[in-house]
Every structure is written in C-alpha cells, then in structure tokens.
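Q: Build the 3D model from these lines:
(one chain, ligands or ions: 1)
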Amino acid sequence: MSFLPRPAESMEGGRFPRRAFQRDPARAETIDDLRAIAMRRLPRFSAEYLEGGAEQEFTLRRNREAFDRHAFRPRVLRNVDGRDLGRTVFGRRMALPIAISPTGFNGMLWHEADLCLARAAAAAGIPFSQSTVSNIRVEDIGAVPGLRHWWQLYVFGPDEVWRRLVARAEQAGCEALLFTVDTHVLGNREWDRRNYVRPLELSLRSKLDILAHPTWLAQVLGRGLPRFLNLAEFVPEAQRGGFGIARWIGANQRESLDWDLVAEIRKAWPRKLVIKGIQNEEDVRLAVKAGVDGIVLSNHGGRQLDRAIAPLELVAAARAIAGPGFTILVDSGFRRGPEIVQAIALGADAVMLGRATLYGVAAGGEAGVARALSILRAEIDRTLGLLGVRSVDELGPGILFPSAG
Ligand SMILES: Cc1cc2nc3c(=O)[nH]c(=O)nc-3n(C[C@H](O)[C@H](O)[C@H](O)COP(=O)(O)O)c2cc1C
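A: Here you go, the predicted structure:
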C-alpha cells in the first residue's frame, strides 16, 4: 500500500486532461469524461477553484487512493434480477444511495448552477444540499418540485446571522440542516491564490484567460457576477456589489466553534441535524452524545487540512461507535459506482458527491448533472449485479477483502 504522490493529480487523466473527448455531456462514459469537458470549458481560475485541494494535495490524493485498500469478493449463482438501488435516509427512501454535497459559488461554473443541481437531484430522486454560500435564494431552491432539500450552514458573524438562516431554511421546507464544522480556519489553497493579485481580485493573466473561454464568459459572467444571495441581507447595501459579500464573509469568519453552539443549533432547528466534517472517532462519539441525527464523514474534498485521513477509512469505526440507527454519510473522493458500493458495505448509509456532480454541471448544466447521476446509477447497478447482490440494503463488510473493522 502506498500513499506516494502520483504524477497525475486526483483523477484518471491528471488535473487538466488534454486527451480527445466528446464535448457532448450526453456522450460522456464516465465522471472523468464530464470532468474533461468541464476543464475545457472553464477558465483556469474557475477550474482551479473546482478542482484543487489544500497545500500539497496529499489529502486530495489519499481520498482517491483509499478505495484501493479494499477489493470485492463477489458471490455467484445468485438471483440478481430487479436490483434495488434505493436507500432509506431520515426515514424516507431515496432512489440511489447518494446525495449531492453542498458546494459554494456554483454560479461560477454555470448560470444558476444551484438550480440545475437541485432539479437534476429531484428528477433522480436524491437529496440536494444547498450551501450557505450558494448563488440562488433558499426559497427558490425550496420551490423546485419534488426536491429533498438540505441546507448547509456555515456560522459566521453574530448569532443572529445563523439564527436567521436557520429560520429561512425551515420556512423554505428544508428537511435537514448540515452544520459544516471543518472550515472555521480556511484551508491553504495556494493554487487558488495564484490566480489573484490580491484577495478576490483576479490577476491580469486570469482575466486574459477568461477571454480565451468565450462560451463560459457569455454563459456565466455575461449574465452577471454570481452573488451570495442568502447573505445579502446581512451586508450593508453599499458593500453588496461585486465580491463585497465574499469580503464580508472573510471579515466575519469565526475561528472557534464548539459543542455548545451545536446545542444551540439543536434547539433552534426542529428537523434533522447533521454535523458535516467529522474526521475522528472521538468526534463521532461526541456527535452521538450531542443528540444530532447524523454526521457526514468528510475532509471537504481535500480542500482544508492537508495530510488528513480519507473519510472512507473511518466509516467502519464510525459505524461501530454510533450503532445501527444513527445516520452516517460520507463524502470526499467518490467518482465511481463501485466506490460508493464500498462505502456502503463498510457501514455508510449513503455517499455524498461534491465534484462528481459539479463536473456534470460545469460540463452541461442540468443535463450534465443528470448525465453524472445516470453514469453512477448504471455503475452501482452493474456492481451489485456482479457482486451477486440484489439490493443496496444487503451490502455488508462480508463482500470486501480484507474485511473491514
Ligand atoms: C468547489 C467546492 C465548493 C465547496 N463548497 C462547500 C460549501 O460551501 N460548504 C460545504 O459544507 N462544503 C463545501 N465543499 C465541500 C463539499 O461539500 C464536499 O465535502 C466535497 O466536495 C467532497 O469531496 P469531493 O469533491 O471529492 O466529492 C465544497 C467543495 C468544492 C469542490
């Protein structure tokens, strides 16, 4: 087993794949194909924002390499007709064992990308999590028909900010609140900073590179700089233009969060409460003790602490600590159906997708997300069939070698 850096970055074709590929997302065969289309369409600063990890990107690589630690041992001569890919999370069935992770500033990838993701999630029968720093109002995502809408909460500024956001999410009908706890100190994203001359001001080179991406320019910036609409009400009107709201967030960062705050949020939020960003067994214990409904094992897709464990490596231990009734979600690094199956076999209730669906939206809007989800659906279905397993609910550590735990 090795965690040595590879010449290629996080994905099969390196960070900026240049090989021949289809431009039509409908013809993408893999998530990596969608990524290749996205990387061609996006200007470099936006591609780096989507793609990069913190510092040396050890965590980013480890997220991918963790899947190599387990191999399947399939069963044969079993009836696998009519396979059931559904999964019950928070007492409700979802059509696939996946949900979309919250990601901020999606509007930089595609015009109204949050709506594209939400609509595709609703059509696929899976939940969509909306970031605090999304570019569409929580009420407008809440109006997407048939959507299981989760709200992700960042806490910054005075308490009245999170209290108001929580109230709005409740009012908009959100089913669950995901309190993200791993960004109190911002990760060191050097690749991102290099594209700017100073915070939030792009370098001349980045600006010229935008001109070399006219389709993106017309489709995204041509319709106005995406804004953090859910935070606008907290920012003085004169400071709301351009990147003003982002500046306000930076100035109002809270570097210390604690379990008392979790207790406060628990009191304020009557529906499902999930802590996102757990990476240590002790914190799994504390989360269970705090009376939350679930956790997301996550290292923020390798964008925060470098040299961190891959969340997949914690799934079995977290399940052993939390017991069967507690919801355990996991994200960071998932790009393939068999990887999702691995995590569930280890004890996760469902897997969340960050970049996998972002590649879809950046490649082709709602149709691109739909393509990403249909690729993963087919891969999960095929994997179950090949494993001799008829439903996701039947998966357990027995199909993995070496067996987990
Ligand atoms: C571009 C980008 C923006 C993100 N923004 C947020 C965010 O606003 N809130 C949050 O809780 N997590 C955010 N994340 C982390 C994701 O929710 C998720 O944990 C991560 O993407 C999972 O890793 P993956 O991209 O390898 O699937 C972001 C991730 C990316 C790639």
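
Q: helix or strand right after the host helix or strand of Ser129?
A: When elements are assigned from DSSP states H and E, Ser129 belongs to strand 128-130. Secondary structure here is assigned by DSSP H and E; on that basis, the next helix or strand after strand 128-130 toward the C-terminus is helix 138-142.

Q: name the helices or strands packed onto the very next helix or strand once past that following helix?
A: On the C-terminal side of helix 138-142, the closest following helix or strand by DSSP H and E is strand 149-153. Counting contacts by 3 or more C-beta pairs under 8 Å, 6 or more residues apart in numbering; DSSP states H and E, strand 149-153 packs against strand 128-130, helix 138-142, helix 159-171, strand 176-180. Glycine gets a C-beta too; all of them are placed from N, C-alpha and C.

Q: re the thing from before, for the strand holding Ser129, packing partners?
A: Secondary elements touching strand 128-130 (3+ C-beta pairs under 8 Å, 6+ apart): strand 98-100, helix 113-124, helix 138-142, strand 149-153.

Q: tell me which parts of this protein are close to the ligand?
A: Taking C-beta under 6 Å from any ligand atom as the measure of proximity, the chain contacts the ligand at 49-50, 63, 101-104, 131, 133, 152, 180, 276, 298, 300-301, 303, 331-334, 353-356.

Q: these two touch, right, Asn195 and Pro43?
A: No: the criterion here is C-beta atoms under 8 Å, and Asn195 misses it with Pro43 at 9.1 Å.

Q: Overlap of the contact sets of the two?
A: Shared between the contact lists of Asn195 and Pro43 (criterion: C-beta atoms under 8 Å, 6 or more residues apart in numbering) are residues Ser206.

Q: Those two: which has the busier surroundings?
A: Pro43 (23 against 19; other C-beta atoms under 10 Å).

Q: give me phi/psi at that one?
A: Main-chain torsions, Pro43, degrees, to the nearest 10: phi -70, psi 160.

Q: got it, and Arg93?
A: phi -80, psi 130.

Q: The nearest residue to it once chain neighbours are set aside: neighbour count?
A: Across the structure, with C-beta to C-beta, 6 or more residues apart in numbering as the measure, the residue nearest Arg93 apart from its sequence neighbours is Gly86 (5.1 Å). Neighbouring residues of Gly86 were enumerated by other C-beta under 10 Å; the total is 14.

Q: ok, now the one 5 residues further on?
A: A count of neighbours around Gly91, defined by other C-beta under 10 Å, yields 8.

Q: Repeat that for Arg75.
A: Using other C-beta under 10 Å, Arg75 has 13 neighbouring residues.

Q: what about it, is that helix, strand or coil?
A: Secondary structure assignment for Arg75 (DSSP: H, G, I helix; E, B strand; the rest coil): coil.

Q: Same check on Trp110?
A: Using three-state DSSP, the three-state assignment for Trp110 comes out as coil.

Q: Residue of this structure nearest the ligand, please.
A: Residue of the chain nearest the ligand, by C-beta to the nearest ligand atom: Gly354 (1.9 Å).

Q: what's the distance between the spatially closest residue to that residue that is not a sequence neighbour and Glu29?
A: Excluding the flanking residues, the one nearest Gly354 by C-beta to C-beta, 6+ apart is Ser101, at 4.3 Å. Relative to Glu29, Ser101 is positioned 23 Å away (criterion: C-beta to C-beta, to the nearest Å).

Q: go on, Phe72?
A: From Phe72 across to Glu29, the span is 21 Å (C-beta to C-beta).

Q: higher neighbour count, these two?
A: When neighbours are counted by other C-beta under 10 Å, Phe72 and Glu29 differ, and Phe72 comes out ahead with 16 against 12.

Q: Next up, the contacts around the more buried one.
A: With contacts defined as C-beta under 8 Å, 6+ apart, the neighbours of Phe72 are Pro338, Val341, Gln342, Thr383, Leu387, Ile399, Leu400, Phe401.

Q: And for Arg303?
A: Contact partners of Arg303, counting by C-beta under 8 Å, 6+ apart, are Gly52, Gly53, Ala54, Leu60, Gly187, Arg189.

Q: Ok, Ile278 next?
A: Val181, Val284, Ala287, Ile295, Val296, Leu297, Ser298, Leu314, Ala318.

Q: Ok, Lys272 next?
A: In this structure, Lys272 makes contact with Phe90, Glu175, Ala176, Leu177, Asp293, Gly294, Thr327, judged by C-beta under 8 Å, 6+ apart.

Q: and the second one, how many neighbours?
A: A total of 17 residues lie near Glu175 under the criterion other C-beta under 10 Å.

Q: Against Ala122, how distant is the nearest residue to it once chain neighbours are set aside?
A: Take Glu175 and drop its neighbours on the chain: the residue closest to it by C-beta to C-beta, 6+ apart is Arg148, 5.5 Å away. Arg148 sits 8 Å away from Ala122 when distances are taken as C-beta to C-beta.
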